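Undergrad: sequence and predicted structure below; questions after.
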Amino acid sequence: MLQEVTGRFVLDGVVNNAGLVQLRALGDIDPGEMLEVLDFNLLPAVQMTQAALPAMRAAGWGRIVNIASLVALGWTERTGYAAAKAGLIAMTRTWALELAKTGITVNAVAPGPTETELFRKNHPPGSASEARLLAQVPVGRFGHPSEIAAAVAFLLSEDAAFITGQTLFVDGGASVGRALM
């Protein structure tokens, strides 16, 4: 987030939102492809956060929100993506500890199935994959991008100043005691 302060812009928030998924069963995972998934999902978050830290430290305030995924809890044919998003959650917790005394908070939002254009391309209305996913969401519907954005906006706000190192699952209850498939 860039805010204008006394005629200049100050960077006080970063949302790390990158994602690359390659569907592979365990026996079909190519190590090079898995490294590509890990690199794509993790390295930009490190680089963007490192770039923002000097300005945030100088201001004594900042917000970092990493976009993880419900898949971090495990999902079939998503070994690389699940590992990457679980890694992002671990980085969130580690960075929160490192930055706790600086006024900078670090949190993650882990969306569940969310109705985006890409989601609908892969899970058309009425398809078997849509029904399988919907059965895993206790509220009985998919999330909307605006609901994910609202969680991110809250974590970027002053109201979230006492929250750090946390992962907020915005998933309609899918992470609560469910066996994910």
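TA: Looks like it came in fine.
Undergrad: longest helix in this structure, by residue count?
TA: In the chain, taking DSSP state H as the definition, the longest helix is helix 31-59.
Undergrad: other SSEs contacting that one?
TA: strand 8-11, strand 13-16, strand 62-67, helix 79-99, strand 104-111 (3 or more CB pairs under 8 Å, 6 or more residues apart in numbering; DSSP states H and E). (Glycine included, C-beta is placed from N, CA and C.)
Undergrad: now the ones you listed as JSON lines including mean neighbour count, distance to R141 and mean pLDDT?
TA: Below are those laid out as JSON lines (neighbours: other CB atoms under 10 Å; distance: least, CB to CB, whole Å; pLDDT from 0 to 100):
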{"stretch": "strand 8-11", "mean neighbour count": "13", "distance to R141": "36", "mean pLDDT": "63"}
{"stretch": "strand 13-16", "mean neighbour count": "21", "distance to R141": "24", "mean pLDDT": "96"}
{"stretch": "strand 62-67", "mean neighbour count": "25", "distance to R141": "21", "mean pLDDT": "98"}
{"stretch": "helix 79-99", "mean neighbour count": "19", "distance to R141": "22", "mean pLDDT": "97"}
{"stretch": "strand 104-111", "mean neighbour count": "26", "distance to R141": "14", "mean pLDDT": "98"}
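Undergrad: nearest to F162, of these?
TA: strand 104-111 (8.4 Å; CB to CB).
Undergrad: now the longest helix of the chain: buried residues?
TA: Residues 34, 37-38, 40-42, 45, 48-49, 52-53, 56, 59 are the ones in helix 31-59 that count as buried (16 or more other CB atoms under 10 Å).
Undergrad: nearest residue to the residue nearest the centre of the chain other than its sequence neighbours?
TA: Centroid-nearest residue in the chain, with CA atoms, centre = their mean: I67, separated by 1.5 Å. The shortest distance from I67 to any non-neighbouring residue, by CB to CB, 6 or more residues apart in numbering, is to N17 (4.2 Å).
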